[in-house]
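Q: Attaching a predicted model along with its sequence, questions to come.
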Number of protein chains: 2
Amino acid sequence: MNRTELISQIRAKKSFLCVGLDTDPNLLPKHLSKDADGVLAFNKAIVEATSDLAVSYKVNTAFFEAMGKTGWEILHETFKLIPKSCLSIADAKRGDIGNTSNQYARAFFDEMDADALTLAPYMGLDSIQPFMGRKEKWGIVLGLTSNPGSADFEQQRLESGEFMYERVISTFGKAFSADELMFVIGATKPEQFKSIRGIVPNHFFLVPGVGAQGGRLSEVCKFGLTDDIGLLINSSRGIIYASSEMDFAERARAEALKLQKEMASYL
Amino acid sequence: MNRTELISQIRAKKSFLCVGLDTDPNLLPKHLSKDADGVLAFNKAIVEATSDLAVSYKVNTAFFEAMGKTGWEILHETFKLIPKSCLSIADAKRGDIGNTSNQYARAFFDEMDADALTLAPYMGLDSIQPFMGRKEKWGIVLGLTSNPGSADFEQQRLESGEFMYERVISTFGKAFSADELMFVIGATKPEQFKSIRGIVPNHFFLVPGVGAQGGRLSEVCKFGLTDDIGLLINSSRGIIYASSEMDFAERARAEALKLQKEMASYL
């Protein structure tokens, strides 16, 4: 999916919601089996119940890898459930030397046919280069995350005065265009969002961890929205685990609808 | 495998060689099929031909993921080929928020039964914590890599005067003991090895990219060896692709033997 299509989906659905499939077999509704069949039935029901409200699905690959040797196959099957009109993201945080990153690009873009892949920046530009230049595919580089550990390295100040996360964002933002690169921005303070938008005015941000509560969505939109929207807001557990009963898909839809309505009000 | 066992294996074999299984179906010897059977036959032959000379195997997970939906199963099967007397390393460079890192730890330590897993540090201490405190399991955090891109962030100087990679190494080195944590150190300059050894005098270093040529092994040993050895030196392509003919396993053994002999001379 290219940038024009993504923006057009957002405008049509009045939504920049990304639903996170962090599917844990142990948290499935009681009537589903805690195995591959249960996980796929769950993912299918969630996608069907929300795909007119969401423009993207983010699949957390760790949960599939933890399912053992069949996990990767279930992951492939999950990607097939996502409609082509939605941006499919593999949240896998890969990144390695060129030869190895090439293999990861093949794994996710060619074999799995994901539209986008999250990437870890530590090893530098040449570790991310192999994911770029692929038609209608996206790399989503970790910029500033919202976990407490982001203080350890991301928020360290460089000799130049910049924070490390600012250097990461400016380095990749200069090297790769807003047509193929996004950033994961989980900033906890509105000022950070504002300053990051100043560094990369056009790139999309994938923002995790925004629930329906607390007014955080409005703050993120205040500083993050651009003329081309520029935001994908992810919600995982708040949507997919809204109920552990038979009504889990309806309840997931209800939670997605709340977020979509709030998003529509900002567009 | 715990630290005492690892050191005792190194002393017994007079080797701190780690063989890297970066198995690419397209680079298999001509007589093997370019599929799962060929990859497993290749890995089995390489392990059997080298397991008295190596103390560790590092499996590059990207190559298996690139094989498509059966890749993860072949990866599991490859781990079963590694003798319990050798440290098995999943080179997967994982790291994420706690809940997700927990899933990765389950995937690699419990489901795959790998002894060790390489980890990406960008998201900070709390992203690595879930991999720690597991009996006889190891996390191997990226410290300083040898690709040109290491200049982009790893070798940036902080306001404090330290390089970022020094901050990463000291932060993790203080938080987690040499019984459960190693570092990936691919330093290209001997001075860097010396200064890093000063920061973490006891932790093992996993050193990639050392071939039989160029005297680099002697330099790494000069600055990296400790009383408890403290080094695992990886060689991948130089060993496993020494020949693409019927004699590939013999030739792999011959290359491993060259490195083992040189290592014995430094012990």
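A: Happy to help now that I have it.

Q: Please report phi then psi for the closest residue to chain B within the stretch 151-267 of chain A.
A: Evaluated by C-beta to the nearest C-beta, the stretch 151-267 of chain A has A:Asp152 as its residue closest to chain B, separated by 3.5 Å. C-beta: built from backbone N, CA, C; applies to glycine. Dihedral pair for A:Asp152: phi -70, psi -40, per degrees, to the nearest 10.

Q: Is it correct that it is in contact with B:Thr171?
A: Yes. Counting by C-beta atoms under 8 Å, B:Thr171 is a contact partner of A:Asp152 at 5.9 Å.

Q: that older thread, name the nearest residue to the residue of the stretch 151-267 of chain A closest to chain B, ignoring sequence neighbours.
A: Residue nearest to A:Asp152 in three dimensions, not counting chain neighbours: B:Gly124, with 3.5 Å by C-beta to C-beta, 6 or more residues apart in numbering or on different chains.

Q: Can you give me the neighbour number for the one you found?
A: Counted with other C-beta atoms under 10 Å in any protein chain shown, the neighbours of B:Gly124 add up to 23.

Q: send the alpha carbons of whatever helix or strand A:Ala249 lives in over as CSV?
A: Element membership of A:Ala249, judged by DSSP states H and E, is helix A:248-266. What follows is helix A:248-266 as a C-alpha-only set of coordinates in CSV (Å, rounded to 0.1, in the frame of the first residue of the first chain):
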residue,chain,number,x,y,z
PHE,A,248,-15.7,-10.4,22.3
ALA,A,249,-15.9,-9.3,18.7
GLU,A,250,-18.9,-7.1,19.2
ARG,A,251,-17.3,-5.5,22.2
ALA,A,252,-14.0,-5.1,20.3
ARG,A,253,-16.0,-3.3,17.6
ALA,A,254,-17.6,-1.0,20.2
GLU,A,255,-14.2,0.0,21.5
ALA,A,256,-12.9,0.6,18.0
LEU,A,257,-15.9,2.7,17.2
LYS,A,258,-15.3,4.9,20.2
LEU,A,259,-11.8,5.6,19.0
GLN,A,260,-12.9,6.1,15.4
LYS,A,261,-15.5,8.6,16.4
GLU,A,262,-13.0,10.6,18.4
MET,A,263,-10.6,10.5,15.5
ALA,A,264,-13.3,11.6,13.1
SER,A,265,-13.8,14.7,15.3
TYR,A,266,-10.1,15.7,14.8
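
Q: thinking again about what came up before, give the contact list for the residue of the stretch 151-267 of chain A closest to chain B.
A: B:124-125, B:171 (C-beta atoms under 8 Å, 6 or more residues apart in numbering or on different chains).

Q: Could you check the pLDDT of it?
A: If you check A:Asp152, the pLDDT there is 98.

Q: And it, how close does it get to B:Phe172?
A: The span separating A:Asp152 from B:Phe172 equals 9 Å under the rule C-beta to C-beta, to the nearest Å.

Q: can you check A:Phe16 too?
A: Separation of A:Phe16 from B:Phe172 (C-beta to C-beta): 36 Å.

Q: Same question for A:Thr226.
A: For A:Thr226, the distance to B:Phe172 (C-beta to C-beta) stands at 37 Å.

Q: And for A:Leu257?
A: 43 Å.

Q: between these two, who's got more neighbours?
A: B:Phe172 (25 against 17).

Q: In contact with the more buried one: list those residues for me.
A: B:121, B:125, B:128, B:141, B:181, B:183.

Q: Which members of those are the farthest-apart pair?
A: Maximum pairwise distance among these (C-beta to C-beta): 14.5 Å, between B:Leu125 and B:Phe183.

Q: Tell me which of these two has more neighbours.
A: Neighbours of B:Leu125 and B:Phe183, each counted by other C-beta under 10 Å, are more numerous for B:Phe183; the result is 26 against 19.

Q: Which pLDDT value belongs to that one?
A: Note on B:Phe183: pLDDT of 98.

Q: next one: A:Ala212
A: Reading off the model, A:Ala212 has pLDDT 48.

Q: Which stretches in chain A count as strands?
A: Taking DSSP state E, the strands of chain A run over residues A:17-21, A:56-60, A:87-94, A:116-119, A:138-144, A:181-185, A:204-207, A:231-235.

Q: in its sheet, what does the second one sit against?
A: Same thing as strand A:56-60. Strand A:56-60 pairs in its sheet with strand A:17-21 (parallel), strand A:87-94 (parallel), by DSSP bridges.

Q: in chain A, which spans are helices?
A: Per DSSP state H, chain A carries helices over the ranges A:3-13, A:36-50, A:61-65, A:71-81, A:98-105, A:125-128, A:164-175, A:190-199, A:216-224, A:237-240, A:248-266.

Q: Can I get those helices in a markdown table including distance to B:Ala49 and mean pLDDT?
A: Formatted as a markdown table, the helices of chain A follow (distance: least, C-beta to C-beta, whole Å; pLDDT from 0 to 100):
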| stretch | distance to B:Ala49 | mean pLDDT |
| --- | --- | --- |
| helix A:3-13 | 50 | 98 |
| helix A:36-50 | 36 | 97 |
| helix A:61-65 | 30 | 97 |
| helix A:71-81 | 28 | 97 |
| helix A:98-105 | 23 | 96 |
| helix A:125-128 | 32 | 98 |
| helix A:164-175 | 42 | 98 |
| helix A:190-199 | 52 | 92 |
| helix A:216-224 | 55 | 90 |
| helix A:237-240 | 48 | 94 |
| helix A:248-266 | 52 | 97 |
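
Q: hey, which of those helices is tucked in deepest?
A: Highest mean neighbour count of the helices of chain A: helix A:61-65, a mean of 27 (counted as mean count of other C-beta atoms under 10 Å in any protein chain shown).

Q: for that helix, the distance to its chain's centre please.
A: 15 Å (C-alpha atoms, centre = their mean, to the nearest Å).

Q: Which elements pack onto that helix?
A: The contact analysis (3 or more C-beta pairs under 8 Å, 6 or more residues apart in numbering or on different chains; DSSP states H and E) places helix A:61-65 against helix A:71-81, strand A:87-94, helix B:98-105.

Q: about what we covered before: looking at the contacts of B:Phe172, which one is closest to chain A?
A: Closest to chain A out of the contacts of B:Phe172 is B:Leu125 (5.0 Å), distances taken as C-beta to the nearest C-beta.
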